[in-house]
Every structure is written in structure tokens, then in C-alpha cells.
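Peer 1: Got a sequence here, can you model it:
(chains A and B)
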Protein chains: 2
Amino acid sequence: MIKFYYHPSPNPAKVALFLEEAGLPYELIPVDTRKGEQHAPVYTAINPNAKTPALVDGDAVVFDSNAILLYLAEKTGKFLPENTPEQRAQMLSWLMFVATGIGPYSGQAVHFKHFAPEPKEYAVNRYDFEAQRHWSLIDAQLAKHPYMLGDRYTLVDMAVWGWARAVPFILGAEAWGKLPQVKRLLDEINARPAAQRAEALKAQHAFKTEMDEEARRVLFPQNARLGAAS
Amino acid sequence: MIKFYYHPSPNPAKVALFLEEAGLPYELIPVDTRKGEQHAPVYTAINPNAKTPALVDGDAVVFDSNAILLYLAEKTGKFLPENTPEQRAQMLSWLMFVATGIGPYSGQAVHFKHFAPEPKEYAVNRYDFEAQRHWSLIDAQLAKHPYMLGDRYTLVDMAVWGWARAVPFILGAEAWGKLPQVKRLLDEINARPAAQRAEALKAQHAFKTEMDEEARRVLFPQNARLGAAS
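Peer 2: I've put the predicted structure just below:
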């Protein structure tokens, strides 16, 4: 059975949604990142990058949420766009846009707004701007048709959903006013039984929620090099 | 014929290398990003993200360098790993590791070290640490076998090569001392005729090289929102 290494955060949520939508049986293995479990050798042997999620499917080992989405879509033949070069090209482009743009810039915006010490005006402005710009491009794409690639619900919508749930935390409480199409897709997917089952996974384990000294040390190891800001 | 939208920077270089390795005929279309040509509507109709590279292949439109590598590898059947679930899983994982880690963190390290104003100690430390950590994981992977996925030269090595050329600019002049395997792969690929043809493309157009006021405005539009640091 598929082993799914999980933490209740945006990237593992995408994979949880796909597994539930596809009806694939899996074993949930919690990785409590605020306790540093992602750095254990037993986990870095699976994902050297020490982040969640990861997936082990027999002899196949996959890490990175977007790699896992594509792996599972190809394995099952589900939630892919129409099998044409045009649609394949757009699927890969938008999946990578989420992977290299939405994820990293949303993550940096969260880090600087919520966790980094002052002074940070330049970095907060940079990442707020870039996160807003990226989400606006998703919104414009969703204004053209119901889903990211057209009329069909695909893995790219699941990739968008993972981080869309965190938009107010990334961009501020008023963010939905400028992103009505993203909100529409989020609400639609949230109402799906598979999304509700994916959301319920976090109750299966008592994950640490405090952002205390230990959590900061294991999540932001770079700060050990700073004199003051650790 | 394939239209290849190009600028002489790390991400388009990966695509140039693949096209040359595969012997695919293509038309080079320069996009001078320091003049702001990436923001022209004729270009954002192809890549809404206003970055290079992009590729138009008949009716297929692909943007993001890593999406293009995968699109071209699947189109040609070339530079893919062995066709097994295990190898496909590792290919997708490491391609995404380059796409979501090596690229974004190297890019942020370059931005803060070379272009951002003071104060920036926290951000420089954060991105130098993360870039170093990501490159060290590539080095460890390359210590296991000649190429990223084993004994075969694949699209993932091309993705690594794109940014590996910039390692001293990202991490500092002494960086190669800690990354001997990355340096080995870089030197080996640099010696390939296809890499030399890819490198020679930059001479086909007089790209703007000055990082002047116009270049900063079109590359870092977020700074217009800052009072002082624009």
C-alpha cells in the first residue's frame, strides 16, 4: 500500500486531496515538522530535502508535492487534461507555475510577514508583491474557464487548492476581494467530499502547533548562523 | 518550426542545451528582459508570468524552463531515465527539487546579495544558507553516480547545469570547494558540443547588459511601492 508522509500544511494537503479523489488506499505516516521529525535519517533517506510530503509506492519513492501529483495522475490516468500536446504543454506550464511561483513566493511572504524579525520592509514588500502578482495570474486564468486548464478538474486545480486555503494568511484578510475566481475554485473544491476527507486527516495525529524555540530551530536552521535573530 | 523565446540567463540556457542536444530545429526569438520586453502583451500572451524562456511548438505553448524540458523530453523520447515507476518517480522528484528549490533559492540569494539595498543581513543569511543546502544535496546525489538519476545523462542534469554555471555568483568565489561533484558535472557538460552551441546563442543578439534604472524598474517592479529603495 502507498505510504503517505504527511503534515497538516499546504503542500501535503494537495497530495491528500488527490489520494482521496482517486480513491487510492494509503497509509498515513505523520511527520511532525515542528518537532524536527523531517530531519530524522529514516525520513531524509526518502526525501533528502527534509520537507513534507513524500510518498513511497512499492519501489517508487517520490518527494515534492507537485512531483507526487504528476506521478499519481500518470499512475492512475486520472485528473489529467485531454491527451493532446497543447493540453499537455499547458498542464506542465501551469503545474510548474504553481510549483516554482505560487509555492515559493507564498512561502517567502508568510515567512517574512509572520516569522522574520525586523528590519524587513524590503523583503515583506518584495514577497507580498510577488505573491499577489502570482495569485492574480491564477485568478485571470480561472476567469477564462471553470478550471485551470479548461472545463476539466485536474491535478493543477488540486495544486492551486493546496495554497489557496492559506491566501488570507499569505496576503491579508482582505485578499479575496481581488481574487474572486480563486475563491470560487477554493469554495467549490472545499465542498467536495474528497476535500473534506483530506482536511479531516489532521485530526488523526496530535501534531505540535506551537511555534516555540524548538520549532523555530528545526524549521529555520539558518538562523543559528545569526547572532541576534535566532 | 519550434519558436524559442530566449534571454542569456540560467533558465533559458537549460532549454537551449536540450534543443541542441536533441538536434531539434528551432527559431531563436530574443526577449531582452533588461529592456522590459517580457512585459509586452505579445509575449505575455505566450507566458503570462512575463519571464523567459517560453516555447511555441505548433499549437502547443509551454512556459517555465523545467516544464519545457519535460515537454521536449516526452516529445522526443530523449534524455529520459529508464521507463520504470522507480525511475519516473526519481526523475519527477529531482526535477521538482531543481524547479522549486535550486532555482528559487539561488535566485533569491542572487537578488539579496547583489541587488537589494541594506539592511539585508537576515535575508542574505537565509538565502545563502538555503542555496548552499540545496546545492549540497545535488552534490551528494552526484557523489552516488555520474548523473543525477544514475548512469544516464538526462533532462535533470540539464536542469542542474542551467544554474550550476552561476554557482560562484550565487554562493561566492570559494563555493566550488564544497561542491566538487557539481563542478565535475558542470565541466563535463560544458565540454559537450551541444553546450558550446547553447552558450554561443547569446552572441546572436545584442542583449542589454547594464543593470541601470530602466533594468531595475522592469525586473523589480515591486520596488515602485517602496518610498526609498526604488
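Peer 1: going forward, measure contacts between C-alpha atoms and count neighbours the same way
Peer 2: Noted.
Peer 1: contacting residues around A:M91?
Peer 2: The contact partners of A:M91, by C-alpha atoms under 8 Å, 6 or more residues apart in numbering or on different chains, come to A:81, A:149, A:156.
Peer 1: Could you do A:A73 as well?
Peer 2: A:79-80, A:155.
Peer 1: Out of the residues you listed, grab the one that's most surrounded.
Peer 2: Within the contacts of A:A73, most neighbours by other C-alpha atoms under 10 Å in any protein chain shown means A:L155, with 26 neighbours.
Peer 1: excluding its backbone neighbours, what's nearest it?
Peer 2: Counting by C-alpha to C-alpha, 6 or more residues apart in numbering or on different chains, A:F79 is the residue found nearest to A:L155 once chain neighbours are left out, at 5.4 Å.
Peer 1: Distance check, that neighbour against A:E20.
Peer 2: To A:E20, A:F79 is 12 Å away according to C-alpha to C-alpha, to the nearest Å.
Peer 1: Also A:G162?
Peer 2: 14 Å.
Peer 1: Compare neighbour counts for the two and give me the winner.
Peer 2: A:G162 (23 against 17).
Peer 1: Looks like that one contacts A:P10 (just checking).
Peer 2: Yes - with contact defined as C-alpha atoms under 8 Å, A:G162 reaches A:P10; the gap is 4.7 Å.
Peer 1: circling back to that earlier point, and the contacts of A:A73 as a markdown table, adding secondary structure and pLDDT?
Peer 2: Below are the contacts of A:A73 laid out as a markdown table (DSSP: H, G, I helix; E, B strand; the rest coil; pLDDT from 0 to 100):
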| residue | secondary structure | pLDDT |
| --- | --- | --- |
| A:F79 | coil | 98 |
| A:L80 | coil | 98 |
| A:L155 | helix | 98 |
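Peer 1: wait, does the longest helix along chain A make contact with chain B?
Peer 2: For chain A, the helix that runs over the most residues, judged by DSSP state H, is helix A:121-144. Yes - using C-alpha under 8 Å from any C-alpha of the partner chain, helix A:121-144 reaches chain B at A:122-123, A:125-126, A:129-130, A:134, A:137.
Peer 1: Strands of chain A, start to end?
Peer 2: A:2-6, A:26-30, A:54-57, A:60-63 (DSSP state E).
Peer 1: mind checking which of the ones you listed is nearest chain B?
Peer 2: For chain B, the closest of the strands of chain A is strand A:60-63, at 4.1 Å, according to C-alpha to the nearest C-alpha.
Peer 1: Parallel or antiparallel, which strands does the closest one pair with?
Peer 2: Using DSSP bridges, strand A:60-63 pairs in its sheet with strand A:54-57 (antiparallel).
Peer 1: Can you list the neighbours in contact with the strand it pairs with?
Peer 2: Against strand A:54-57 from outside (C-alpha under 8 Å, 6+ apart): A:1-6, A:46-47, A:61-65, A:68.
Peer 1: for stretch A:216-230, same thing?
Peer 2: A:33-36, A:117, B:122, B:125-126, B:129-130.
Peer 1: Let me know the closest of the residues you listed to A:G103.
Peer 2: B:E130 (15.6 Å; C-alpha to C-alpha).
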